[in-house]
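In: for reference, the sequence and a predicted model appear below.
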Amino acid sequence: KPEQQSWASPLEAHQTGLQLEKDVYQALLELHATASKHADPHLTNYLEDEFLDEQVT
């Protein structure tokens, strides 16, 4: 949920949405790195298949 609930312009709302998407992607990458570090192929594959590949394409 964004901290800000109202925006002065559509551009500002779009920028906030883009930042949220970047934050989620970064969190997914960090989780993937942790899963890789702990040799968890099931979680790494799940993250790649369900989230990370979708974010890139």
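Out: Arrived safely, thanks for sending.

In: how about whichever strand or helix holds K22: buried residues?
Out: Using DSSP states H and E, K22 falls within helix 10-37. Neighbour-count burial for helix 10-37, counted by 16 or more other CB atoms under 10 Å, picks out 28, 32, 35. Bear in mind the C-beta positions are built from the backbone N, C-alpha and C, glycine included.

In: which one is the last one nearest to, not counting chain neighbours?
Out: Pointing back at A35 there. Spatial nearest neighbour of A35, excluding adjacent residues (CB to CB, 6 or more residues apart in numbering): L43 at 4.0 Å.

In: ok so, going back, which one among the buried residues of helix 10-37 gets closest to K22?
Out: L28 (10.8 Å; CB to CB).

In: burial measure for the nearest residue to that closest one once chain neighbours are set aside, as a count.
Out: Leaving aside its sequence neighbours, L28 sits nearest to F51 (CB to CB, 6+ apart; 5.2 Å). Neighbour count for F51, taken as other CB atoms under 10 Å: 17.

In: how about the nearest residue to A13, chain neighbours excluded?
Out: That would be W7: by CB to CB, 6+ apart, it lies 4.1 Å from A13.

In: my guess is that neighbour contacts G17. True?
Out: No. W7 lies out of contact with G17 (CB atoms under 8 Å); the separation is 9.7 Å.

In: could I get the buried residues of helix 10-37 as CSV with pLDDT and distance to E12?
Out: Below are those laid out as CSV (pLDDT from 0 to 100; distance: CB to CB, whole Å):
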residue, pLDDT, distance to E12
L28, 95, 25
H32, 96, 31
A35, 97, 35
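
In: so which of those residues comes closest to E3?
Out: Comparing the buried residues of helix 10-37 against E3 with CB to CB places L28 closest, at 20.2 Å.

In: correct me if wrong: that closest one contacts L47.
Out: Yes. Contact status for L28 versus L47: in contact at 6.1 Å, counting by CB under 8 Å.
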